[in-house]
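Asker: Quick one: sequence plus predicted model below, questions after.
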Amino acid sequence: RADFSSTNDGRVTFESIGRERSASISSNRFTAVEVDVVLQNTNASKYRIWVTGAERNIVRSERVHLKGLVTNQWVLFGLDLTRLVDRLNLGLAQLLWSEEVGLRRCFYPAARLLNADTADLDAYPRLISRNDQAEQDLPNAVLFPADLTLSKMVELPLDAEIDLPTAMKFEVLSNSPFTEEDTAFGWRTVSREAGSLRVALVIASRTQIISLLEEHTGFDPEARLHCEVWVQTRDLMVQFAGFGGAARRALYLRRLANWGGKVTAMALALFLLLAIPVAMLSVRSSQIAELLVATELEAESAAAARNTLVTIEDNVLVAREFCAGRVSYDRWLDVIADLTPDSVYLTRMGLEEDRLTISGMAENAAEYQTTLAASGLTSELSAPSAFTRDARTGLERFTLTMQLGAQE
């Protein structure tokens, strides 16, 4: 539903709509809105409206009549998938026509330029000289003088590319010095960088273009219909819309289809070549598996004994690995006990592999350290911290670390 009100000067201002589809599609000056209006007799009309300014004044509208109630074939579970479909179409168009992808550069056919040399022209349109006989039956093209055109570089948000045709129409309407019937235009996407879309736009008089076509193609309407019109502006070649191009586009799509068919056939052949050995190996593997099952059934007892032996061997290996690096803690505890006099009290003992750390209290900790060092059973004997005397007991607190030696 949509509600509109009229001001005193007759301008219609936008008040409210129920379903709005908007995007900054033309230099942030216009906003596109789609409105569905349903009358009491259930007749429905779709209006596409463009508004501008803070008051959102309507500058242009298009009306599309729909029979019966408003329907949308791209609605799923109440969700409007129109924008998603538009984005998929945009992605397909970029794949087929974008310079960055490379498909167009490899497969797009050439056209014969009738009125200029191609040496100094941009290679994008793939034009060859009319005197070049390398290829026959090519579409024709003419180069329109750049000084008879109005050119402009338009910068848009990157998300606006989905509505680029509409945006370009409004740029033309707001910049063309010609009447709407006499206006011809074309555009070309230049770059997509940092969230910005740069588009080269050219505008010219349709009458002048038709005069140029008649000069080089005669008055044959069929030849004039299929002849492309290009113009070079800002070192970029841009094609005018509505003048030829259908033949080359159809040939380009046929080439892509042919190459796609060839690639598919090659992929299928390669798949079959790889699948045949795999199938043979699978059959052979099944046969071997059946033979293995029969053999295991015949020698079940032998297999069980073998599995038992393997399990025992694994357990022995695990036990050996577990005990290989272990220190004989009980023997070392006996050694430390023998070396420790009754005047020394041990409060903590830590043994990590062959590294021993002991803490305790002694009347003379240095004497005890000397005793351990003189035993010859330890190495790298050191005190990580200074000895301190306990005020309550009068004994020295100590911590000693040492490397345990091998015992015979």
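Answerer: Perfect, thanks for sending it.

Asker: I'd like the average pLDDT over stretch 273-287.
Answerer: Stretch 273-287 shows a mean pLDDT of 88.

Asker: Dump that stretch to CSV, keeping only the CA atoms.
Answerer: In CSV, the C-alpha atoms belonging to stretch 273-287 read as follows (Å, rounded to 0.1, in the frame of the first residue of the first chain):
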residue,chain,number,x,y,z
LEU,A,273,39.7,-43.7,-17.7
LEU,A,274,40.2,-43.4,-14.0
ALA,A,275,37.0,-45.3,-13.1
ILE,A,276,37.8,-48.4,-15.1
PRO,A,277,41.0,-49.3,-13.2
VAL,A,278,39.3,-48.4,-9.9
ALA,A,279,36.4,-50.7,-10.8
MET,A,280,38.8,-53.5,-11.6
LEU,A,281,40.7,-53.0,-8.4
SER,A,282,37.5,-53.0,-6.5
VAL,A,283,36.5,-56.4,-8.0
ARG,A,284,39.9,-57.8,-7.3
SER,A,285,39.8,-56.4,-3.8
SER,A,286,36.4,-58.1,-3.2
GLN,A,287,37.8,-61.4,-4.4
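
Asker: ranges for the helices of this structure?
Answerer: Here the chain has its helices, by DSSP state H, at 82-97, 103-107, 164-175, 206-217, 221-226, 246-298, 300-324, 329-339, 365-374.

Asker: so which of those helices comes closest to Ser151?
Answerer: Among the helices of the chain, the nearest to Ser151 by C-beta to C-beta is helix 164-175 (10.1 Å). Every residue, glycine included, has its C-beta placed from N, CA and C.

Asker: which helices and strands does that closest one pack with?
Answerer: If you count contacts as 3 or more C-beta pairs under 8 Å, 6 or more residues apart in numbering; DSSP states H and E, helix 164-175 packs onto strand 24-26, strand 30-38, strand 150-157, strand 183-193, strand 196-205.

Asker: Please tabulate those in JSON lines, including the columns mean pLDDT, mean neighbour count and distance to Ala366.
Answerer: Output for the helices and strands packed on helix 164-175, formatted as JSON lines (pLDDT from 0 to 100; neighbours: other C-beta atoms under 10 Å; distance: least, C-beta to C-beta, whole Å):
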{"stretch": "strand 24-26", "mean pLDDT": "37", "mean neighbour count": "22", "distance to Ala366": "85"}
{"stretch": "strand 30-38", "mean pLDDT": "55", "mean neighbour count": "19", "distance to Ala366": "91"}
{"stretch": "strand 150-157", "mean pLDDT": "90", "mean neighbour count": "16", "distance to Ala366": "82"}
{"stretch": "strand 183-193", "mean pLDDT": "90", "mean neighbour count": "18", "distance to Ala366": "77"}
{"stretch": "strand 196-205", "mean pLDDT": "92", "mean neighbour count": "20", "distance to Ala366": "79"}
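
Asker: Nearest residue to the middle of this structure?
Answerer: Most central in the chain under C-alpha atoms, centre = their mean is Gly91, positioned 12.7 Å from the mean C-alpha point.

Asker: Ok, which of the helices and strands packed on helix 164-175 comes nearest Asp354?
Answerer: Closest among those, once you apply C-beta to C-beta, is strand 183-193, at 65.2 Å.

Asker: which stretches of the stretch 201-350 of the chain have low pLDDT?
Answerer: Within the stretch 201-350 of the chain, the ranges that satisfy pLDDT under 70 run 323-327.

Asker: What about Ile128, how many residues nearby?
Answerer: Ile128 has 16 neighbours, counted by other C-beta atoms under 10 Å.

Asker: my guess is it contacts Arg112, does it?
Answerer: Yes. Assessed by C-beta atoms under 8 Å, Ile128 is found in contact with Arg112 at 5.9 Å.

Asker: Next, show the common contact partners of these two.
Answerer: Leu138 (C-beta atoms under 8 Å, 6 or more residues apart in numbering).

Asker: Give the buried residues for stretch 362-378.
Answerer: Within stretch 362-378, the residues scored as buried using 16 or more other C-beta atoms under 10 Å are 362, 364-365, 368-369, 372, 377-378.
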